[in-house]
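K.L.:
whatever this is, show me its structure:
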Amino acid sequence: MKLTILGLLSVTLFVGLPMATADNTLSSDNLAASDPNGQFLQLWNEIQQLKETDGEINAALYDRFFELERTVYPDRSSHEGGRSLDQGMDGCPGYVIQQPVEGPIDYVDYGQTYNLNNDCTFPQCRTGRDVIYQLVMTRQDSLQITTCGSGFDTYLCIFSGACCPAGSGPMFSNDDSPICGANSVRSAVRACFQPGQYFIVVDGFNGTAQGHYQLNIQSLAGGICGQNPPLECPPDFSQHVEGGDEGVCEFGTEISCPARYCGVIGGLGDLDVYTFTLTNCYIVTLSVWGNDTPGHSSTGHGLNPVLNLYTTACDRPIYTNDDVEGNPGDITGHDSRIVTLCLRPATYWVEVSGNETAGLYEFGLDCAPCPSVPPLDNVQRDVPGPGCLSWAIQPGATTYYVWRSVQSGPWDLVFTTAETTYCDHTGSEDVSTYMVFDNPCGNPTFDR
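P.N.:
Below you'll find the model as predicted:
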């Protein structure tokens, strides 16, 4: 099961605050006109936008951000002046941390990454200089692992069983957790850890993110292990099977329409992933029944579910939902549902997680045929072969889909083009009927 934790803070845009120049710096005039809180939040927003767009976050932007943070939140970088312990290892297998024979874990370590290497790099973790620890667990425990107190933009990756293995992502990862405070760029993971070896990578978000770090590992009072009753699926549901390398566009449970599954989100950042392939155009409905909707096996067990739907591009979801907000019907409250527009034939990935919650869930996938898409009127006609047909440019269209029926036979998609002309080069003298669509879900076989 691959677990990914995303920063959960909402981003607020502040109108009228100073804007950064093209090299990620703020003009002194604008800085003088704003208060430190406003300047800090503006820089936070800019960093988040650059992360979302894979933009460059340079050292000058980071320096100004942390300078303002020390003014707005003076206790954030608690590593400064802290004791220097035997810091983590520059590379695998990492400095060993052993779980106590009895009692909770309460471990803190300090160090720096200035002269370290980027040993666990992207896509296993991130592209900054990193330091590695090996955590050995001899019994189950609920842990919180954070970089709160660090002095740079950290990224946390945790692997199970192997240290930064090639071709496999982390079991847990996080960037910018609210656990370390509002508008923080530190990282945190909360989860139930079973007996075994875990490899903790304290990484920088990018090549310029480096400096003094603080690693904190503590047992959670009350814990999150074993809070849910045994999973009992309804008779017509299948049980989601956890996989160690589970992740969007990596590994997921293969399903098809219609589908019903039940599962458990075990802790902050736990992801369950499903994948399905459409062979025709469909409107897709994805539902996750968690804590709120009455009458389900998951009702009352605490999960506030979040749904994300991805294409194989995998860079960002094409649909997302967190809370249907009490809409009438068979799903209510903070449970989640996505109803798509017409999706074309392709493979899709679904990510089920919790909004800072854990618990049981039921999941549903349903598909309905798309409404008919009419062809372009001026090319729905018979053409004696061999021959050519053409059509007018359609506003906003970038691709045209040419369907052909020979002698009133079955329809076939024979050509996809950005041009406005199609010529039949088969040499056949048979009369063909053509339909041209500017929509990939256009299909002459739809009922009209």
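K.L.:
what residue ranges in the protein score low on pLDDT?
P.N.:
The model of the chain has pLDDT under 70 over residues 1-34, 77-86, 222-231, 242-246, 267-269, 325-329, 377-386, 425-428, 445-448.
K.L.:
which parts of stretch 51-68 are buried?
P.N.:
Counting neighbours by 16 or more other C-beta atoms under 10 Å, one finds that the buried residues in stretch 51-68 are 51, 57, 61-62, 64-66, 68. Quick note: C-beta positions are derived from backbone N, CA and C, even for glycine.
K.L.:
how about these in TSV, adding secondary structure?
P.N.:
Rendered in TSV, the data for those read as follows (DSSP: H, G, I helix; E, B strand; the rest coil):
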residue	secondary structure
Lys51	helix
Ile57	coil
Leu61	helix
Tyr62	helix
Arg64	helix
Phe65	helix
Phe66	helix
Leu68	helix
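K.L.:
and those residues, which is closest to Ile97?
P.N.:
Set against Ile97, the nearest of the buried residues of stretch 51-68 by C-beta to C-beta is Phe66 (27.6 Å).
K.L.:
center of the protein, which residue is that?
P.N.:
Arg316 (6.5 Å; C-alpha atoms, centre = their mean).
K.L.:
what's the distance between it and Gln210?
P.N.:
Shown here: Arg316 relative to Gln210, a distance of 27 Å by C-beta to C-beta, to the nearest Å.
K.L.:
got it, and Glu419?
P.N.:
Here Glu419 is placed at a distance of 52 Å from Gln210 (C-beta to C-beta).
K.L.:
next: Ser173.
P.N.:
As judged by C-beta to C-beta, Ser173 and Gln210 stand 19 Å apart.
K.L.:
which residues does stretch 96-114 contact?
P.N.:
Contact with stretch 96-114 is made by 79, 82-88, 95, 128-131, 133-139, 141, 143, 152, 202, 204, 210-219, as judged by C-beta atoms under 8 Å, 6 or more residues apart in numbering.
K.L.:
would you put the C-alpha positions of that stretch in PDB?
P.N.:
Taking Å, rounded to 0.1, in the frame of the first residue of the first chain, the C-alpha atoms of stretch 96-114 are listed here in PDB:
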ATOM      1  CA  VAL A  96      19.700   2.700  12.900                       C
ATOM      2  CA  ILE A  97      17.000   3.700  15.400                       C
ATOM      3  CA  GLN A  98      15.700   0.800  17.500                       C
ATOM      4  CA  GLN A  99      12.200   0.700  19.000                       C
ATOM      5  CA  PRO A 100      12.400   0.400  22.800                       C
ATOM      6  CA  VAL A 101      11.700  -3.000  24.200                       C
ATOM      7  CA  GLU A 102       8.900  -1.500  26.200                       C
ATOM      8  CA  GLY A 103       7.100   1.800  26.200                       C
ATOM      9  CA  PRO A 104       6.700   4.600  23.600                       C
ATOM     10  CA  ILE A 105       9.200   6.000  21.200                       C
ATOM     11  CA  ASP A 106      10.400   9.500  21.900                       C
ATOM     12  CA  TYR A 107      13.300  10.300  19.500                       C
ATOM     13  CA  VAL A 108      14.700  13.600  18.400                       C
ATOM     14  CA  ASP A 109      17.800  14.100  16.200                       C
ATOM     15  CA  TYR A 110      19.500  17.100  14.700                       C
ATOM     16  CA  GLY A 111      21.800  17.500  11.700                       C
ATOM     17  CA  GLN A 112      22.600  19.300   8.500                       C
ATOM     18  CA  THR A 113      22.500  18.400   4.800                       C
ATOM     19  CA  TYR A 114      24.900  21.000   3.400                       C
END
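K.L.:
from the chain's centre, how far out does it sit?
P.N.:
Relative to the centre of its chain, stretch 96-114 is centred 29 Å away, using C-alpha atoms, centre = their mean, to the nearest Å.
K.L.:
enumerate the positions of it that are buried.
P.N.:
Judged by neighbour count (16+ other C-beta under 10 Å), stretch 96-114 contains these buried residues: 97, 99, 105, 107, 109-113.
K.L.:
for Asn117, which non-adjacent residue is spatially closest?
P.N.:
Asp90 (5.9 Å; C-beta to C-beta, 6 or more residues apart in numbering).
K.L.:
now Leu43
P.N.:
The shortest distance from Leu43 to any non-neighbouring residue, by C-beta to C-beta, 6+ apart, is to Phe65 (4.6 Å).
K.L.:
just give the number of residues close to Asn117.
P.N.:
Asn117 has 12 neighbouring residues, counting by other C-beta atoms under 10 Å.
K.L.:
for Pro317, same thing?
P.N.:
Applying other C-beta under 10 Å, we find 17 other residues in the vicinity of Pro317.
K.L.:
quick check: it touching Asn308?
P.N.:
Yes - Pro317 is in contact with Asn308 according to C-beta atoms under 8 Å; the separation is 4.0 Å.
K.L.:
quickly list what's touching both of the two.
P.N.:
Any residue near both Pro317 and Asn308 by C-beta under 8 Å, 6+ apart counts here, and that gives Glu351.
K.L.:
can you pull out the strands in the stretch 51-200 of the chain?
P.N.:
For the stretch 51-200 of the chain, strands defined by DSSP state E, counting those that start in this stretch occupy the ranges 95-98, 106-112, 131-137, 141-146, 154-160, 172-175, 188-193, 196-204.
K.L.:
of all the ones you listed, which one comes closest to Leu41?
P.N.:
Relative to Leu41, the nearest member of these by C-beta to C-beta is strand 172-175, separated by 18.2 Å.
K.L.:
now do the buried residues in that closest one.
P.N.:
Burial within strand 172-175, assessed by neighbour count using 16+ other C-beta under 10 Å, is assigned to 172-175.
K.L.:
then stretch 201-211?
P.N.:
Across stretch 201-211, burial judged by 16+ other C-beta under 10 Å covers 201-206, 208-211.
K.L.:
contact partners of that stretch?
P.N.:
Contacts of stretch 201-211 with the rest of the structure, by C-beta under 8 Å, 6+ apart, involve 51, 56-59, 62, 88, 112-114, 118, 120, 125-133, 147, 150-159, 164, 170, 175, 185, 213, 215.
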